[in-house]
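> can you look at this prediction? I've put the sequence above it.
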Amino acid sequence: MAEALQDWLQSKESPLQEAVDRTLAEGLFSRSDLQYQLSAFHETAKEQDLIRWVRKNAIRTPINPKTILAVHAGNLPLVSFQDILAIFLSGHQYVGKLSSSDPYLPLSLLEVLKKHLKNQEVHDPPKLCVPDQITSDQITSNLITSDHGTSDHRTSDQRPSAFFATTHWADLYQLAADAMIFSGSADTVDQIQGMLKEYSIVRKSAPILCRTTHFSIVYFDPGSSIHGTLAYSPYTDLAEAICRYNGNGCRSVGIVVSPVGLEQLSCELTDHLELCLMKCGYGGEARDRAGIERVQTQEQALRYRYAYHKVRNRTQVFCGPVLITEMENPTVQESELPSVAGEVIWVRGDMDTLMALVHTHRADIQSVYINEASTQSLPDGSESEPLNRAQKPPLDWKPDGIDPLHWIAEFAG
């Protein structure tokens, strides 16, 4: 696996560069975000990281491999990277429902894994190549498929085998997967689970690992570095955790708890936000019409939120695709939580305030960060994460508190 990942990230023959080129050509993600994510994989998925993850979960080769369906999200570049590795490391059979917002990156990884993992039951895919006139939402299972052919010719007893990926739900009809890993909205979980079982995409008894958290929270104490330089200060990490991927993703900071009010820090914070947005390529990269419309829609939604808070005389920092608003009430009601990508709530308080918010809004919060260099124990017995790793989590991190490799090992034994 380590050799496969190195080949995928570094080899001149890797299909990764073609995948990156197509992703950029269709305006799916910015070059800066792609480079950042791939750099994160390079840092966190080395051989020692894989060994530590497998040993921690006591993974053994399964006697009867299960078919596991991974439903990929498309809000970040290759956001399902951890899920793909977990399925392959566990020795079970991968089937992927790819997002039309990010089909090329996972396909390039799967193509390299197929080449290296000879012990897996895989089927030869054609080279990752889509005619220029075909857009991402029209990709079919012809890219990576089983030897049974495409959905147009498949009968009910010819369900996809291992190493099958598609952007179309129809291709997964009667798949009867033994389990599924999924990320999405809590509001649609029941509806989606019902549809999956009604059309036999997963077995009726199949366990489903569903992640539904929305954002993360940080305790930010600028301390003695309040007058730090733009080159590096605690604000650098905070800005990265807020701005990267335009605030999309559950690891992006949505609530800041700080002993210092927003107004006191607004000038220095704005400087770092602007610097980070420039580094992220915001406003400076060519995008297709869909990419431009996504950013414009986000900014329009933030302008409405800005007006809403302004009439309530709340302190705000509005910087491009980021809106930070200080709440006068440290309890923060459900209706006041961030509802738009790039929206951040600032609360003046201490560690007790932080823990009260975590307890009240646990279902919405992914991770708890502190601007320290290492993991810290929290009063409730859980652990925080360093703020500077917000957008570069370790390979064995636990989305919604669950390690997917451990979950697979538990259900498939």
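Right, received. Where do you want to start? Residues are numbered from 1 along each chain as shown.
> taking the centroid of this structure, which residue is nearest it?
V79 (3.8 Å; Cα atoms, centre = their mean).
> my guess is that residue contacts G184, does it?
No. Contact status for V79 versus G184: not in contact, 11.7 Å apart, counting by Cβ atoms under 8 Å. To be clear about C-beta, it is placed using only N, CA and C from the backbone, and glycine gets the same treatment.
> who touches both of these two?
Both V79 and G184 are in contact with A73, where contact means Cβ atoms under 8 Å, 6 or more residues apart in numbering.
> ok, E326 - contacts?
Under the criterion of Cβ under 8 Å, 6+ apart, the contact partners of E326 comprise G261, L262, E263, R314, T315, Q316, I345, W346, V347, R348.
> same check on L9?
L9 sits next to L16, L38, F41, H42 when contact means Cβ under 8 Å, 6+ apart.
> again, 6 Å this time
Contacts were defined as Cβ atoms under 6 Å, 6 or more residues apart in numbering; by that measure L9 touches H42.
> can you give me the distance of it to L98?
Computed with Cβ to Cβ, to the nearest Å, the distance linking L9 and L98 is 20 Å.
> do the same with T297
In this structure, T297 and L98 are separated by 23 Å, where distance is defined by Cβ to Cβ.
> any idea of the mean pLDDT in stretch 88-96?
Along stretch 88-96, the predicted confidence averages to a pLDDT of 92.
> only the C-alpha atoms, please, for it, written as PDB.
Listed next in PDB are the C-alpha coordinates belonging to stretch 88-96 (Å, rounded to 0.1, in the frame of the first residue of the first chain):
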ATOM      1  CA  PHE A  88      -8.300  -1.900   0.900                       C
ATOM      2  CA  LEU A  89      -6.200  -2.200   4.100                       C
ATOM      3  CA  SER A  90      -9.000  -4.300   5.700                       C
ATOM      4  CA  GLY A  91      -8.800  -6.800   2.800                       C
ATOM      5  CA  HIS A  92     -12.500  -6.300   1.800                       C
ATOM      6  CA  GLN A  93     -13.900  -5.500  -1.600                       C
ATOM      7  CA  TYR A  94     -14.300  -1.900  -2.600                       C
ATOM      8  CA  VAL A  95     -17.200  -0.500  -4.700                       C
ATOM      9  CA  GLY A  96     -17.400   3.300  -5.100                       C
END
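> off-centre distance for that stretch?
The gap between the average C-alpha position of stretch 88-96 and the chain average comes to 19 Å, counting by Cα atoms, centre = their mean, to the nearest Å.
> can you list the buried residues in that stretch?
Across stretch 88-96, burial judged by 16 or more other Cβ atoms under 10 Å covers F88, L89, S90, G91, H92, Q93, Y94, V95, G96.
> okay, now the unreliable bits of the stretch 301-413 of the chain?
Scanning the stretch 301-413 of the chain for pLDDT under 70 picks out the ranges 412-413.
> quick one, strands of this structure?
In chain order, the chain shows strands spanning 67-71, 93-97, 164-166, 179-183, 208-211, 215-219, 253-258, 316-319, 322-327, 343-348, 365-370, 385-386, with DSSP state E as the criterion.
> and for L69, the neighbour number?
The burial count assigned to L69 is 26, neighbours taken as other Cβ atoms under 10 Å.
> likewise for S382?
Neighbour tally, S382, other Cβ under 10 Å: 11.
> nearest residue to it other than its sequence neighbours?
Ranked by Cβ to Cβ, 6 or more residues apart in numbering and with sequence neighbours excluded, the top spatial neighbour of S382 is V368, at 7.1 Å.
> correct me, but that neighbour touches S384?
Yes. A contact is recorded between V368 and S384 when judged using Cβ atoms under 6 Å, the distance being 4.8 Å.
> show me what contacts K97?
Applying Cβ under 6 Å, 6+ apart, the residues contacting K97 are V71.
> who is it paired with across the strands?
Bridge pairing for K97 (DSSP bridges) gives the partners V71, T166.
> from L28, how far out is it?
K97 sits at a distance of 17 Å from L28 (criterion: Cβ to Cβ).
> list of residues touching the longest helix seen in the chain?
If you go by DSSP state H, the chain has its longest helix at helix 289-310. Helix 289-310 is contacted from outside by G27, Q316, F318, P321, L323, T325, V340, A341, G342, E343, using Cβ under 6 Å, 6+ apart.
> mind redoing it with 10 Å?
Outside of helix 289-310, the residues within contact range by Cβ atoms under 10 Å, 6 or more residues apart in numbering are 26-30, 101, 135-136, 246-248, 282-283, 285-287, 314-316, 318-323, 325-327, 336, 338-343, 345.
> just the buried ones among those, please.
The neighbour-count test (16+ other Cβ under 10 Å) marks 26-30, 101, 136, 246-248, 282, 287, 314-316, 318-323, 325-327, 338, 340-343, 345 as buried among the contacts of helix 289-310.
> let me see the domain layout of the chain.
Listed domain ranges for the chain are 2-212, 215-389 (source: automatic domain parsing).
> I408 is nearest to which of those?
For the domains of the chain, the distance to I408 is smallest for domain 2-212, at 4.5 Å, taking Cβ to Cβ.
> can you give me the end-to-end span of that closest one?
Terminal residues of domain 2-212 are spaced 30 Å apart (Cα to Cα, to the nearest Å).
> can you give me how far it is from the chain middle?
Chain-centre distance of domain 2-212: 14 Å, with Cα atoms, centre = their mean.
> cool, stretch 333-352 as well?
Mean-position distance between stretch 333-352 and its chain equals 20 Å (Cα atoms, centre = their mean).
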